[in-house]
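Undergrad: give me a model of this one.
(2 chains)
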Amino acid sequence: MAGLDVRGLSVSLYTRGGVLPALSEVSLSVQPGRTLALVGESGCGKSMTALAIMRLLPEPPARIIAGQVMLGDTDLAALPERRMLGVRGKAVSMIFQDPMSSLNPVVPVGQQIMEVLRRHENLSGRAARTRAAELLTLVGIPDAEARLAEYPHRLSGGMCQRVMIAIAIACRPAVLVADEPTTALDVTVQAQILELLKRLQAETGMALLLITHDLGVVAEMADEVAVMYAGRVVEQGPVDAIFAAPLHPYTRGLLGATPSGGTAGRHTRLADIPGSVPSLAELPAGCAFAPRCPLAHAACTAQPPLTTLAPQHLAACFAALGVPAHAA
Amino acid sequence: MLLEARGLGVHFATPRGLLRAVNGVSLEIEAGETLGLVGESGCGKSTLGRAIMRLVPIAEGELLLENQYITRLEGTALKQVRPKVQMVFQDPVSSLNPRRRVGSLVGQPLSVAGWSRRDIADRVAELLAQVSLPKDAMDRYPHEFSGGQRQRIGIARALALSPKLVICDEPVSALDVSVRAQVVNLLKDIQDRLGVGYLFISHDLSVVENVADRLMVMYLGRVVEQGRAADVLARPAHPYTHALLSAAPVANPALARSRQRVVLQGELPSPVNPPSGCTFRTRCPYAEARCAAEAPALRPVGDQHVACHFDFSEGFADATTGVSA
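TA: Numbers count the residues shown, from 1 in each chain, chains lettered A, B, ... in the order given. As a prediction, this is how the structure comes out:
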């Protein structure tokens, strides 16, 4: 089974206001059976990365201008749409944040699962039906046979997300991209869905690219973590290193702003990051985080390179690199 | 006592039967105090907030604001009380009229209360300063602001009439992590400065842990556990609280791997047709025959009040909760 290897991916948005750099030189890799968490705040490019991998970018205005999305020996970024149709939902599939709006409200869930099986696996009606029921059982929906005929509005949010997962894993994909899969769900249901994803991964050995803004979910699920800010990966490394010894001031800020259980009582003040994420149209020159950064200095008007600073642990920050202010 | 609710009930007539959205809830909030209210969607926490605002009809029980009964106030009498209780909503986008300028949005409660135009302008400037927004924000529209700034506008509007109690209904749930911390800190600063009481409604235990003095956990319209926030979080005594804490992800990979989680099976039953006896029994790992027969009353267990037939104050069989180490 192949993992996913994204190399130097850049995506631009061609708008009336000009060309905006939505993603700049994003490189990520997820191995089979492993989970990479892609973390960051809204607008940092997490979902854009997922859509670019799936080749679901709204084109126009978005366009991949550089880089590769390697799945084994195939570069998905270069595939014509006709061939991508055979890959999407089969070798690489995706689940979305809002399960209610991702399912077709006027088609029974069973039909929606069988559609994938007929399209990619060439199963006949009856075989597809049997397999769809198996899949529903696999994702923990009791009484699967009867549930095939239900419409999405008859199911709860958690159940709909289970159906989405059943559709996504129907063809045993090598890579599953999960974009905020539990953000719309309650914590108890979130715990169920996360357990389900872990179990399915252990059984199938798929690579999981998990996009989330919730550092708690990252800690529960990830083997590796990539932190994004303003369209770039600013830090990347093993999950323990990211939490225990974050190198980028933005990662440290995110961790400080997350109440982490036990330590923070009523009278502790959360560390906040001043300001807010800059819009793509108004990115500062050099490091995009510099205007909010406590460590920013003169060198930060240049773009810091993503550099390996510890085993498998990379960061793009002059302060972390130890570059003095006058060196730029 | 700033606010007191005694056996509050809110009922909705639905095609499938009577829905008891809030069922026999009693609570107290002192000035300058924060009561955290947690529970899953559909547990009645927002309806309780609305009932305290007198925005939904109260079917049973009493509501006292500053020791005055407000349960059945109407018309002018109600209008005199309204300024004392204000609300901050979850979604700063849909709770601000996009076609009005910030000055007019924040000033609206004042003009309803009959303030003069000049007084309103002065007060709005003061309010914007209080929530750290620039003065020129007054002449701009909501879409010109980021999510965190819009929530500040909502907070300024809630504070306009110097309320005694602010109902914060998921005030930071729609915000990004770094901005969330800013708004949580702002709410705490405002409380320290003005001495307002908060009813802080949230599904996010980690946020509640950081703001609440006392904590109340609701399930299907009923309070299942309440007590001092630190006690409830450190030693939950109701199986539902225990499961909620256990389900909440912890931002600590080593702890996340080592702890045992209680993953609740199933989902929230229909509130129109709740299970007999203890409504939590269908998902409770400790349920016995007795739980189906009789509904447990809220009683003192350990340092808090718990609605459960059993005493879990010494811990649960698989006692590892994680959220509080």
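Undergrad: next, give phi and psi for residue B:185.
TA: phi -60, psi -40 (degrees, to the nearest 10).
Undergrad: so it makes contact with residue A:271?
TA: No. Look at residue B:185 against residue A:271 with Cβ atoms under 8 Å: they stay out of range, at 9.1 Å. (Each C-beta comes from the backbone N, C-alpha and C, glycine too.)
Undergrad: so where is chain B shaky, pLDDT-wise?
TA: Scanning chain B for pLDDT under 70 picks out the ranges B:318-325.
Undergrad: need the helices for it, in chain order.
TA: B:45-52, B:75-81, B:102-112, B:117-130, B:147-159, B:177-194, B:205-211, B:229-234, B:239-247, B:253-258, B:289-293 (DSSP state H).
Undergrad: spell out whether the longest one and chain A are in contact.
TA: Yes. Residues of helix B:177-194 are located near chain A by Cβ under 8 Å from any Cβ of the partner chain, namely B:177, B:178, B:179, B:180, B:181, B:182, B:184, B:185, B:188.
Undergrad: is the closest residue to chain B within the stretch 101-250 of chain A in a helix, a strand, or coil?
TA: Proximity of the stretch 101-250 of chain A to chain B (Cβ to the nearest Cβ) peaks at residue A:216, 2.9 Å away. The three-state label given to residue A:216 by DSSP: H, G, I helix; E, B strand; the rest coil is helix.
Undergrad: need the contact list for it.
TA: A:258, B:206, B:248, B:249, B:250, B:251, B:256 (Cβ atoms under 8 Å, 6 or more residues apart in numbering or on different chains).
Undergrad: now do the phi/psi pair for residue B:316.
TA: phi -100, psi 160.
Undergrad: and the closest residue to it other than its chain neighbours, how far is that from chain A?
TA: With Cβ to Cβ, 6 or more residues apart in numbering or on different chains as the criterion, residue B:316 has its nearest non-adjacent residue at 5.5 Å, and that residue is residue B:242. Going from residue B:242 to chain A by Cβ to the nearest Cβ, to the nearest Å gives 11 Å.
Undergrad: neighbours around residue B:242, how many?
TA: As a burial measure, residue B:242 scores 25 neighbours (other Cβ atoms under 10 Å in any protein chain shown).
Undergrad: that one contacts residue B:234, correct?
TA: No. Using Cβ under 8 Å, residue B:242 and residue B:234 do not qualify as a contacting pair, with a distance of 11.6 Å.
Undergrad: to residue A:241, which of the helices of chain B lies closest?
TA: Set against residue A:241 and scored by Cβ to Cβ, the helices of chain B come closest in helix B:253-258, at 9.6 Å.
Undergrad: list the helices and strands that closest one packs on?
TA: The contact analysis (3 or more Cβ pairs under 8 Å, 6 or more residues apart in numbering or on different chains; DSSP states H and E) places helix B:253-258 against helix A:215-221, helix A:239-244.
Undergrad: so which bits of that helix are buried?
TA: Applying a neighbour-count criterion of 16 or more other Cβ atoms under 10 Å in any protein chain shown, one finds B:253, B:255, B:256 buried in helix B:253-258.
Undergrad: kindly report the same for stretch B:63-80.
TA: B:63, B:64, B:65, B:70, B:71, B:73.
Undergrad: also stretch A:73-93?
TA: Going by 16+ other Cβ under 10 Å, stretch A:73-93 has these buried residues: A:76, A:77, A:79, A:84, A:87, A:88, A:89, A:90, A:91, A:92, A:93.
Undergrad: before we move on, what about stretch B:298-318?
TA: Buried residues in stretch B:298-318 (16+ other Cβ under 10 Å): B:298, B:301, B:302, B:304, B:305, B:306, B:307, B:308, B:309, B:310, B:312, B:316.
Undergrad: would you point out the most distant pair within these?
TA: Within these, B:298 and B:316 form the most distant pair, 19.3 Å apart (Cβ to Cβ).
Undergrad: hmm, residue A:139 is touching residue A:164, no?
TA: No. Using Cβ under 8 Å, residue A:139 makes no contact with residue A:164, being 9.1 Å away.
Undergrad: tell me the contacts of residue B:285?
TA: For residue B:285, the contact set (Cβ under 8 Å, 6+ apart) comprises B:239, B:262.
Undergrad: give me the phi and psi for it.
TA: phi -70, psi -10.
Undergrad: ok now do the closest residue to chain A within chain B, which residues does it touch?
TA: Residue of chain B nearest chain A, by Cβ to the nearest Cβ: residue B:249 (2.9 Å). Listed by Cβ under 8 Å, 6+ apart, the contact set of residue B:249 reads A:187, A:190, A:191, A:194, A:214, A:216, A:217, A:219, A:220, B:256.
Undergrad: pLDDT wise, what is the residue of the stretch 101-250 of chain A closest to chain B at?
TA: Note on residue A:216: pLDDT of 89.
Undergrad: go on, the one 3 residues further on?
TA: According to the per-residue confidence, residue A:219 scores 92 in pLDDT.
Undergrad: go on, the one 3 residues further on?
TA: pLDDT recorded at residue A:222 is 95.
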